[in-house]
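Chemist: Everything below, folded, please.
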Amino acid sequence: MSYLQFKSKYDRFPEIKINGTVWNGYQAIVSEIKKQKASIIAIECYPGVDYQEIEEHLIRPLKPKQIIKSDDFALNSESLDKMLSPYLTEDRVFGYMSSFEIEDFYEDSSLSKINRLIKANNNLTIVYGFGASLCENYDMLIYLDMTRFEIQQRFRNHKLANWKCDNYMEDNLKKYKRGFFVEWRVADRLKERLLRKINYYLDINTKEKPKMIDKDTLLNGCLQTSLQPFRLVPYFDPGVWGGQWLKEVCNLDPNIENYAWSFDGVPEENSIYFNIDGTRVEIPAQNVVLMEALNLLGKSNLERFGAEFPIRFDLLDTMDGQNLSLQVHPLTDYIRSQFGMKYTQDESYYLLDAKEDALVYLGVKENINHTEFIEALKLAQKNNVFEDEKYINRFPVKKHDHISIPSGTIHCSGTNSMVLEISATPYIFTFKLWDWNRLGLDGLPRPIHIEHGKESIQYQRDESWVRKNLLNKVELIEEEEGIKEEKTGLHENQFLETRRHWFNKPVLHDTLGTVNVLNLVEGVEAIVESPTNKFPPLIVHFAETFIIPASVGQYTIRPYGESVGKTCATIKAYVRK
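Modeler: I've put the predicted structure just below:
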């Protein structure tokens, strides 16, 4: 069946054209490195880099007289596990946000051993690994980087273990947890220190097909990105509840059973494509956040959140699929005390599409017995039956409805909905309460967190409260011929503001010093332009998320191509001041 009345132009491979120098493939990379005649090369690796690959194709062809793997001098696995244990916990999903630096994983005596080995050799020495940059007196620093999605794919395929681990076959959720709470935090802190000091940067995402750029190309690319509207590279994932809408709209493989998620507005997870003279170089979008936080986020957001992107847009597809899990997100105090996060996942559902029977589960029934409700959820894990209609409200929804979901509110998108989820960034902190008696795609029961959830459920958010505060709260802000601006969605307790614009002519926007994230929710295509030619135009298509850095200031959006003369709509999110 078709969900659209037009052929989608969704672009799965958005690129940013930048000027610079790129070397494509190991042969060209090795040749360039040799020309520099370095005597001590440090090759710093993001955890997840395939050491066997770089040993064979990068290090040995350079013909060093001495090769030192820094990982061999780090804490041993037993000592590391003991150090990390309080942050990884016994939970399958949740740990505690760590504050380690790379130096915490190396004793001073071990680093001294590395440096003595280097000094004892008068010919080319290569030090490589996670922490290689801790060695002294290197005269070339190369950074090997990977995106988190590629790391996750290798986790799932049992091709990758965590750093200093032999857990290739371990539960993927536990491997992801160790990455999320420890490894990626340490690696990003180190990366933030190093990227302005490197000589070369390698995109190592595609097996045996790396691309290398120099420091100036990387930094200039990050700077350029932070000064213009841009899109992230989306990725798509199947799920037990996934639907069929994304296949058509995002031009995906029709042979895949379903797609549940599209992450297309999450810099922590998504990547960016730089196009350099026709060669595509992929970098984690987080690099732009780390390198150009002020330009990208704006001063107020940087002071409030640090170098973290606070807004998340993603797509949830249950069209001809199944309900999401019944869930709740933690309150701010709880997420801070239990998991070390500074803010929580307040969110909202914007309905990009919906069938006639679409509904949302939201809030609890009036005057339910709290103890009885929790016991019913626990019992459901044993007997696989939960009377949701006895405890949880159901509300019909339609296309363009916007449902606010502040933390502590029980919620769930039902089947036959296409949700644009607009929320704060801490996206893994979902406490599932009931999962409709399903197994995950891995054949294992999906994690249920009733004990965590019961600490955050706000029982006063019953039917009357939800109707008054959360259901499709739309306020007209301004209207003129051809343009209508509305405030939509988010509850006053949430730190995000959302504005919807309907337009058939150019609309003037202004970032006012804070990053904007938008999605084209109506219309085939539109174009984002600068009134002063400050940045190159960006063409966006239906359902595409795009980011407007705080540095941009004023920008316009107007119908483009097939949408000229027709009404389009965008939804925009930004942090309230």
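Chemist: So which residues of the stretch 201-350 of the chain form strands?
Modeler: Ranges of strands within the stretch 201-350 of the chain are 211-214, 235-237, 261-265, 271-276, 279-284, 311-317, 326-328, 347-354, based on DSSP state E, counting those that start in this stretch.
Chemist: Packing partners of the fourth one?
Modeler: When you say that, I think you mean strand 271-276. For strand 271-276, the packing partners by 3 or more C-beta pairs under 8 Å, 6 or more residues apart in numbering; DSSP states H and E come out as strand 15-17, helix 215-225, strand 279-284. Using the backbone N, CA and C atoms, a C-beta is placed for each residue, glycine as well.
Chemist: Turn the strands of the stretch 201-350 of the chain into a markdown table, columns for mean neighbour count, distance to D81 and mean pLDDT.
Modeler: Formatted as a markdown table, those follow (neighbours: other C-beta atoms under 10 Å; distance: least, C-beta to C-beta, whole Å; pLDDT from 0 to 100):
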| stretch | mean neighbour count | distance to D81 | mean pLDDT |
| --- | --- | --- | --- |
| strand 211-214 | 22 | 34 | 98 |
| strand 235-237 | 19 | 29 | 95 |
| strand 261-265 | 24 | 30 | 93 |
| strand 271-276 | 21 | 30 | 98 |
| strand 279-284 | 21 | 27 | 98 |
| strand 311-317 | 24 | 31 | 96 |
| strand 326-328 | 23 | 31 | 97 |
| strand 347-354 | 24 | 34 | 97 |
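Chemist: Redo the ones you listed as a markdown table? Include distance to C135.
Modeler: Shown next, in a markdown table, are those (distance: least, C-beta to C-beta, whole Å):
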| stretch | distance to C135 |
| --- | --- |
| strand 211-214 | 21 |
| strand 235-237 | 35 |
| strand 261-265 | 36 |
| strand 271-276 | 29 |
| strand 279-284 | 24 |
| strand 311-317 | 37 |
| strand 326-328 | 46 |
| strand 347-354 | 44 |
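Chemist: what's the closest of these to S110?
Modeler: strand 279-284 (28.5 Å; C-beta to C-beta).
Chemist: That closest one to helix 215-225, inter-axis angle?
Modeler: 70 degrees (axes from the mean of the first three to the mean of the last three C-alpha atoms, to 10 degrees).
Chemist: What average pLDDT does stretch 162-171 get?
Modeler: For stretch 162-171, mean pLDDT is 96.
Chemist: Next, the distance between the ends of it.
Modeler: With C-alpha to C-alpha, to the nearest Å as the measure, stretch 162-171 spans 12 Å from end to end.
Chemist: Same question for stretch 238-250.
Modeler: 14 Å.
Chemist: What residues sit buried inside it?
Modeler: G239, V240, W241, G242, G243, Q244, W245, L246, K247, E248, V249, C250 (16 or more other C-beta atoms under 10 Å).
Chemist: can you list the domains in the protein?
Modeler: Per the record, the chain has its domains at 15-225, 474-575, by automatic domain parsing.
Chemist: Is it possible to get JSON lines of the buried residues of stretch 238-250 that adds pLDDT?
Modeler: Shown next, in JSON lines, are the buried residues of stretch 238-250 (pLDDT from 0 to 100):
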{"residue": "G239", "pLDDT": "93"}
{"residue": "V240", "pLDDT": "93"}
{"residue": "W241", "pLDDT": "94"}
{"residue": "G242", "pLDDT": "96"}
{"residue": "G243", "pLDDT": "97"}
{"residue": "Q244", "pLDDT": "97"}
{"residue": "W245", "pLDDT": "97"}
{"residue": "L246", "pLDDT": "97"}
{"residue": "K247", "pLDDT": "95"}
{"residue": "E248", "pLDDT": "94"}
{"residue": "V249", "pLDDT": "96"}
{"residue": "C250", "pLDDT": "95"}
